[in-house]
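Colleague: quick one, structure for this:
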Amino acid sequence: MNISLKQKRYLIVWSLFNVFALSVNIIPIKGLIKGNENMIPSDLTYVFTNGYSKVKGFWPFVNFNNDFSNPYWENGYHFHHFRGIFAGYDFAEFAVYILIGFAVVFLPKIWK
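Modeller: Numbers count the residues shown, from 1 in each chain. Modelled structure (predicted):
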């Protein structure tokens, strides 16, 4: 069973993408961008992840935005933040997507 150079490149890129997605959640590499300058976290944007892996859903079918209010702050302050591109990406997603990547290459070869 020979693998072409194109398929090898695909597997390398696919695997690196998934390793990166998993590593930003394990380390966590947040990439925080604050919405305002006075340290009140009104609008937070996380580029990669907010660091919480306990998310309902299977990536990419998770809620990427988080909105909540705190009535104890002045005027019932409202928070909004983007949780990151890889929010909720965990070991289960890593295993499934790596298997899908290898299945795309090897299943047609096995099927023949």
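Colleague: strands of this protein, start to end?
Modeller: Using DSSP state E, the strands of the chain run over 32-34, 43-46, 65-69, 78-82.
Colleague: any idea of the mean pLDDT for the shortest one?
Modeller: Confidence for strand 32-34, expressed as mean pLDDT, is 72.
Colleague: how about stretch 46-60?
Modeller: Rounded mean pLDDT across stretch 46-60 is 76.
Colleague: and that stretch, end to end?
Modeller: 16 Å (C-alpha to C-alpha, to the nearest Å).
Colleague: excluding chain neighbours, what is closest to residue 110?
Modeller: Leaving out its chain neighbours, the residue that sits closest to residue 110 by C-beta to C-beta, 6 or more residues apart in numbering is residue 1, at 7.9 Å. From N, CA and C alone the C-beta is placed, and that goes for glycine too.
Colleague: what's opposite residue 33 in the beta bridge?
Modeller: residue 45 (DSSP bridges).
Colleague: let me see the contact set for the residue positioned nearest the centre of the chain.
Modeller: A centroid search over the chain (C-alpha atoms, centre = their mean) returns residue 86, at 1.1 Å, as the residue closest to the centre. Taking C-beta atoms under 8 Å, 6 or more residues apart in numbering, we find residue 86 in contact with 21, 24-25, 48-49, 59.
Colleague: and if we set it to 10 Å?
Modeller: Residues in contact with residue 86 (C-beta atoms under 10 Å, 6 or more residues apart in numbering) are 18, 20-25, 28-29, 46-50, 59-60, 62, 64, 93.
Colleague: take these and keep only those in helices.
Modeller: Per DSSP state H, helices hold the following members of those: 18, 20-25, 93.
Colleague: looking at these, which has the most residues close by?
Modeller: residue 25 (27 neighbours; other C-beta atoms under 10 Å).
Colleague: that residue against residue 92, yeah?
Modeller: No: Residue 25 is beyond contact range of residue 92, at 11.6 Å (criterion: C-beta atoms under 10 Å).
Colleague: spit out the residues that contact these two alike.
Modeller: residue 59.
Colleague: returning to what we had before: and the ones in helices among the contacts of residue 86, which is closest to residue 104?
Modeller: residue 18 (13.0 Å; C-beta to C-beta).
Colleague: low-scoring stretches of the chain, by residue?
Modeller: 34-44, 51-55, 67-80 (pLDDT under 70).
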